[in-house]
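Undergrad: with the sequence up front, the predicted model follows.
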Number of protein chains: 2
Amino acid sequence: MAFSNTTLTRPAPTALSGALEALAARFGNNLITSQAVRDQHAHTTTWLPSQPPDAVVMAQTTADIQDVVRICAERRVPVIPFGTGTSLEGQVNAPAGGICIDMREMNRIIAVHADDLDCVIEPGVTRKALNEHLRDQGLFFPIDPGADASLGGMASTRASGTNAVRYGTMRDNVLALKVVRADGEIITTGTRAKKSSAGYDLTHLFVGAEGTLGIISELTIKLRGIPQSIAAASCSFSSVEGACNATILAIQTGIPVARIELLSASQVKACNAYSKLSLPETPLLLLEFHGTEADVAEQSRMFSEIAQECGGGAFEWTTRPEDRTRLWQARHDAYWSVRGLRPGAQAVATDVCVPISRLADCVVETEADVARSRLVSPIVGHVGDGNFHCSLLCDVNDPDEMQRVDGFLHRLVERAQAMGGTCTGEHGIGQGKQKYLESELGPEAVQAMRALKAAFDPHNILNPGKILPA
Amino acid sequence: MAFSNTTLTRPAPTALSGALEALAARFGNNLITSQAVRDQHAHTTTWLPSQPPDAVVMAQTTADIQDVVRICAERRVPVIPFGTGTSLEGQVNAPAGGICIDMREMNRIIAVHADDLDCVIEPGVTRKALNEHLRDQGLFFPIDPGADASLGGMASTRASGTNAVRYGTMRDNVLALKVVRADGEIITTGTRAKKSSAGYDLTHLFVGAEGTLGIISELTIKLRGIPQSIAAASCSFSSVEGACNATILAIQTGIPVARIELLSASQVKACNAYSKLSLPETPLLLLEFHGTEADVAEQSRMFSEIAQECGGGAFEWTTRPEDRTRLWQARHDAYWSVRGLRPGAQAVATDVCVPISRLADCVVETEADVARSRLVSPIVGHVGDGNFHCSLLCDVNDPDEMQRVDGFLHRLVERAQAMGGTCTGEHGIGQGKQKYLESELGPEAVQAMRALKAAFDPHNILNPGKILPA
């Protein structure tokens, strides 16, 4: 197995100035070097410090991406792909400087194949724009990570979100990619066939690679028919265990629940305050069922029976769009409601994922840890997948508190891994979780990842400093 | 991007004898060098000529696999993993000789986690043995490629089969692997968490790699609850187009059909003769629905309406186990019924997969090509995925006929690729389809695959001569 050193050094000043000169000649006004724009492109939704790139190129075409990569590769200047900047683990930071490629103007929907339930798009298309475009054809793209992220970014971080329990993650919904490799050539990773066993699975090598092995310039993704009927439901539980047990039973029974979200008691409290609701301030499950009218009625009935068995309170369900919206608004506003708990605080969002049988243990122990650590952190979870999020509200200027946050984050990952889980279900490794790869998978897996990186990016110019620890 | 040369040479005689000596000392009776056993391990279900290994080791443990690999790696002797020998494209041949590792005695079910719907198994566990073991717990593993293949082999060839339209392929059902790499060390590729975005997707790099990047020594796979009710149905169509259109509509409508299989008119004729049935000798769809009783009744009703719209004939459905068995027996006996069409002939099985919108065109053109080429080839298809199989009945001793077969196989792949499809949906590349990788994905993708191979197996000892063209 070949190894690479991923020591991180800024490019030589002459290399950088040479690259900027060549880029200016090639891109004119689409090369931007103003401090404000560079800062915007390092602004992430994390507490990780911003590390702006040296310049930003507004890519219009795949050929633009190829030319940026070629100009940078020749001079060993880093290239950082940028979608909407909604990643959470520092994926768009430029720790060694370099050129950010902003994809927002590569937002064309190239083809929709309604019969085949797929479409071909550019990486800057956002989730909401895509679904807006598809609605008239009765189709939708199911992955919903919350933010209106770009599809290129969602593929690169292997995003998932509330619908993943039924429709899978980005891993399950990307059919093929075009990827600009480190020398500027283009790799096609697959076809529009729904399945293939033709050679190594290059598609899934680039999904989740955070732009470190190549830059996605086109995606072919799976679509679904908009369900005939959608029902929303909610059920309060006296304990997290009860809510988790109901979830396990629902999954085991094969109820094809489309969404099943846990809100911790403190999260419900935050939602009540923010959204002017009067939900019981105990653990809450919010659910969504998709299917025919008969289907969703039966799914709801089956779930309500399970919920009663598991100590659930009143079970409310509805298919009326306005009632559904009201019910889910609380979940969608969770982020804002949390910030309301401690105005002015920085929210540190993190996620782990465990086998579902360990979810109740993991959430309960984590809540106890929050209390012991004198921290504020509501919990929301995509519990059908065993995935949950903590939103820590911190005063980043209080070193003592930040030390407690640091200890808590470390124990959270250790706890999830000790239960057979992973340090991140959907946020990715980026800069924030590199130290946990080896404790999760062992040194041999990290060596294998280094060998992959060396094979695809021998000069370490593609989003350097992400995923692999230096 | 790094490149490797994959020229195929037999190991030096002293290297081989040195390896055999070391293996004999380590494995005693579990090293077998008899010609009969070696021949058995190169016997594949294809028309490709057998290429036996120099010896076979009956592995009992992961440590056994590690020791074979270490002994062989030191001397540059090839290592070929073997499950049940049911692969179709020469995957278990030993074109450069070497040591076959037979996994059949590594057949322990290490753990079943019913709450998490997963289990941990050794690679020699077969599909039927696993489902036998799981039945009492109300669980099953849904991937059914027809043959009673080993799970290690199914993962290695990215197998799928009749249930894939609902439950996905091996790609979608492997959570994590342990893999012995080319230097004998073990890579752990994932955890039991249902999803993760922790680093590169090593799991899916090994699924479908046909043992060329590492040897799978343990699998963690997803399970499902046995459905409350299973209904089987059949419907004849006057044309392949009608059957394909009904399939497209069913998928678009979101009917979660568990199986939807097309039998061509000539295949129905073969089944009638073999299974003493009297089905109309026109294209036939066989279906299976899984769910609650109400679900399957509704799914069947919805599909029957679609079938009528698309010119389907009488729609018969049943939930009685004996009737289901009778209906599916014809499909399961398809292989044998085909052989009955031309006793003594060799069956050449091949598969392609296209976007479902092109399926009718592809099948119709392929049937016309069969006729023009004066060949005999019934067609069966996993049509919900756009995947279909030709079973060519050939006299391998007739050079003129074999030339026509060769031309037909080539045109079949060209046709599928021209329609946006793939040269193989589920049989893999092995030795038989190497020449089509580049026409399907382009030289850059093949270069990327070579770079992967070089990174993981620099001395080309892991199942050499498979997937990548020399």
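TA: Received, thanks.
Undergrad: give me the pLDDT for A:P52.
TA: For A:P52, the model assigns a pLDDT of 97.
Undergrad: quick check, it in a strand?
TA: No. Counting by DSSP: H, G, I helix; E, B strand; the rest coil, A:P52 falls outside a strand, being coil.
Undergrad: what's the burial count for it?
TA: Neighbour count for A:P52, taken as other Cβ atoms under 10 Å in any protein chain shown: 20. (C-beta placed from N, C-alpha, C; glycine too.)
Undergrad: please report how far it lies from A:A94.
TA: 6 Å (Cβ to Cβ, to the nearest Å).
Undergrad: between those two, which contacts overlap?
TA: By Cβ atoms under 8 Å, 6 or more residues apart in numbering or on different chains, A:P52 and A:A94 have these common neighbours: A:A42.
Undergrad: which residues of the stretch 301-450 of chain A lie near chain B?
TA: Residues of the stretch 301-450 of chain A lying close to chain B by Cβ under 8 Å from any Cβ of the partner chain are A:302, A:353-357, A:385-387, A:416-417, A:420-429, A:433, A:436-437, A:440-442, A:444-446, A:448-449.
Undergrad: nearest residue to the residue of the stretch 1-150 of chain A found nearest chain B other than its sequence neighbours?
TA: The nearest approach of the stretch 1-150 of chain A to chain B comes at A:D115, 3.7 Å away (Cβ to the nearest Cβ). Of all residues not flanking A:D115 in the chain, B:S357 sits nearest, at 3.7 Å (Cβ to Cβ, 6 or more residues apart in numbering or on different chains).
Undergrad: so that neighbour sits right up against A:D116, yeah?
TA: Yes. B:S357 sits in contact with A:D116 when judged by Cβ atoms under 8 Å, with a separation of 5.0 Å.
Undergrad: the residue positioned nearest the centre of chain A sits in which helix or strand?
TA: What sits nearest the mean C-alpha location of chain A, by Cα atoms, centre = their mean, is A:A159, with 3.4 Å. For A:A159, there is no enclosing helix or strand under DSSP states H and E.
Undergrad: tell me how many other residues crowd the residue nearest to it when sequence neighbours are not counted.
TA: Nearest residue to A:A159, sequence neighbours excluded (Cβ to Cβ, 6+ apart): A:P145, at 4.3 Å. For A:P145, the number of neighbouring residues by other Cβ under 10 Å comes to 23.
Undergrad: top helix in chain A by residue count?
TA: Of all segments of type helix in chain A, defined using DSSP state H, the longest is helix A:399-418.
Undergrad: hey, where'd the helices end up in the stretch 251-400 of chain A?
TA: A:265-275, A:293-309, A:321-332, A:334-341, A:359-372, A:399-418 (DSSP state H, counting those that start in this stretch).
Undergrad: which strands and helices lie in contact with the last one?
TA: Translated: helix A:399-418. Here helix A:399-418 touches strand A:346-353, helix A:359-372, strand A:387-394, helix A:435-441, going by 3 or more Cβ pairs under 8 Å, 6 or more residues apart in numbering or on different chains; DSSP states H and E.
Undergrad: so who does whichever residue of the stretch 251-400 of chain A sits closest to chain B touch?
TA: Using Cβ to the nearest Cβ, the closest approach of the stretch 251-400 of chain A to chain B is made by A:S357 at 3.7 Å. Contact analysis of A:S357 by Cβ under 8 Å, 6+ apart lists A:248, B:113, B:115-116.
Undergrad: element containing the closest residue to A:K178 other than its chain neighbours?
TA: Leaving aside its chain neighbours, A:K178 sits nearest to A:E218 (3.8 Å; criterion: Cβ to Cβ, 6+ apart). Element membership for A:E218, per DSSP H and E: strand A:215-222.
Undergrad: domain map for chain A?
TA: Per automatic domain parsing, the structural domains of chain A span A:13-104+A:448-456, A:109-225, A:228-430.
Undergrad: between the two ends of the longest one, how far is it?
TA: Read that as domain A:228-430. For domain A:228-430, the first-to-last residue distance is 39 Å (Cα to Cα, to the nearest Å).
Undergrad: let me know the average pLDDT across that domain.
TA: 92.
Undergrad: so A:H427 touches A:C353, yeah?
TA: No. At 10.1 Å, A:H427 and A:C353 do not qualify as touching, with contact defined as Cβ under 8 Å.
Undergrad: so what's the residue count around the residue nearest to A:K178?
TA: Residues near A:E218, counting by other Cβ under 10 Å, number 20.
Undergrad: how about whatever residue of the stretch 201-350 of chain A ends up closest to chain B: what's its closest non-neighbour residue?
TA: Going by Cβ to the nearest Cβ, chain B is nearest to A:H204 of the stretch 201-350 of chain A, at 3.9 Å. Counting by Cβ to Cβ, 6+ apart, A:H204 lies nearest to B:H204, which is 3.9 Å off, once chain neighbours are set aside.
Undergrad: repeat that for A:P469.
TA: Using Cβ to Cβ, 6+ apart, the closest residue to A:P469 is A:Q434 (4.2 Å).
Undergrad: try A:H133
TA: Sequence neighbours aside, A:I109 is the residue nearest to A:H133 in space, at 5.5 Å (criterion: Cβ to Cβ, 6+ apart).
Undergrad: now do A:F237
TA: Nearest in space to A:F237, with sequence neighbours left out and distances taken as Cβ to Cβ, 6+ apart, is A:A243 at 4.2 Å.
Undergrad: likewise for A:G420?
TA: Using Cβ to Cβ, 6+ apart and skipping residues adjacent in sequence, the residue nearest A:G420 is B:R192, 4.4 Å away.
Undergrad: could you count how many residues lie near the one you found?
TA: 25.
Undergrad: what's the pLDDT at it?
TA: 98.
Undergrad: measure it to A:A59 for me?
TA: Taking Cβ to Cβ, one finds B:R192 at 39 Å from A:A59.
Undergrad: again with A:T84
TA: For A:T84 relative to A:A59 (Cβ to Cβ), the value is 14 Å.
Undergrad: more crowded one of these two?
TA: A:A59 (28 against 19).
Undergrad: I'd say that one and A:M103 touch.
TA: Yes. With contacts counted by Cβ under 8 Å, A:A59 reaches A:M103, the gap being 5.9 Å.
Undergrad: circling back to that earlier point, name the element the residue nearest to A:H204 belongs to?
TA: helix B:202-206.
Undergrad: stretch A:285-295 and chain B, are they touching?
TA: Yes. Part of stretch A:285-295 sits near chain B under the criterion Cβ under 8 Å from any Cβ, namely A:291-292, A:294-295.
Undergrad: show me what counts as buried in that stretch.
TA: Applying a neighbour-count criterion of 16 or more other Cβ atoms under 10 Å in any protein chain shown, one finds A:285-292, A:295 buried in stretch A:285-295.
Undergrad: ok, now stretch A:320-328?
TA: Within stretch A:320-328, the residues that qualify as buried are A:324, A:327-328, counting by 16+ other Cβ under 10 Å.
Undergrad: what does that stretch contact?
TA: Here stretch A:320-328 has contacts from A:230-234, A:286, A:288, A:316, A:318, using Cβ under 8 Å, 6+ apart.
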